[in-house]
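Engineer: Predicted structure and sequence below. I'll ask about it afterward.
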Amino acid sequence: TAAKLGFRDPIVGNLYRDGGAGLADQIDAFVDVLTNAVAPAARDSHKGMPLIDNVKWVAENAYGVPADRVVLKDGFLDSLGEATELCKDAGFSLDDLALVAVKSPATMTDNDRAPEEERTVTLKKVEVHAGAGLVHVNLTTSLTTPMPKIV
């Protein structure tokens, strides 16, 4: 997988169990990458993409739910409007913040047991974390936990 994605060979081992000796034969290659490798090309960014389109892209590409099955919970558009105004008043665009999809810790979609062609993702609310440069969009109707940032 690493080679297919254009990454270097991963270091494989258990440092806790095997100690440094267990990884010693892989460390030279790692140090070589740190000192001699060219920085990777920047990844595509969705900065500037309208927030709902960005979330639909995440739902489709990360959760396998087509954009047309992204559901807006009552009150979501009000939350989006408030977040947009907050950002506008502060002098920047909501769409320029990095999106963090916040979802249930136990599921990927609203109902993972539903047939794949019936699964949905519900957008609950928008929370701006301007100091961190983030916008949280709460997905699903369950308890939530932050997931890694999708830029």
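Structural biologist: Sure, I can see it.

Engineer: And the longest strand seen in the chain, what does it pack against?
Structural biologist: Secondary structure of the chain read by DSSP state E shows that its longest strand is strand 121-129. Applying 3 or more Cβ pairs under 8 Å, 6 or more residues apart in numbering; DSSP states H and E, we find strand 121-129 packed against helix 51-62, strand 70-72, helix 76-90, strand 134-139. From N, CA and C alone the C-beta is placed, and that goes for glycine too.

Engineer: so where's this protein shaky on pLDDT?
Structural biologist: The chain contains residues with pLDDT under 70 at 40-44, 140-151.

Engineer: For residue 35, which phi and psi angles does the backbone take?
Structural biologist: phi -90, psi -30 (degrees, to the nearest 10).

Engineer: How many neighbouring residues does residue 92 have?
Structural biologist: 14 (other Cβ atoms under 10 Å).

Engineer: So for it, what's the nearest residue that isn't a sequence neighbour?
Structural biologist: Spatial nearest neighbour of residue 92, chain neighbours left out: residue 130 (7.6 Å); criterion: Cβ to Cβ, 6 or more residues apart in numbering.

Engineer: Touching, that neighbour and residue 98? I think so.
Structural biologist: No: using Cβ atoms under 8 Å, residue 130 makes no contact with residue 98, being 11.2 Å away.

Engineer: Of all the residues in the longest strand of the chain, which ones are buried?
Structural biologist: 121, 122, 123, 124, 125, 126, 128 (16 or more other Cβ atoms under 10 Å).

Engineer: and if you look at stretch 95-107?
Structural biologist: So, applying 16+ other Cβ under 10 Å, buried residues of stretch 95-107: 95, 97, 98, 99, 100, 101, 102, 103, 104, 107.
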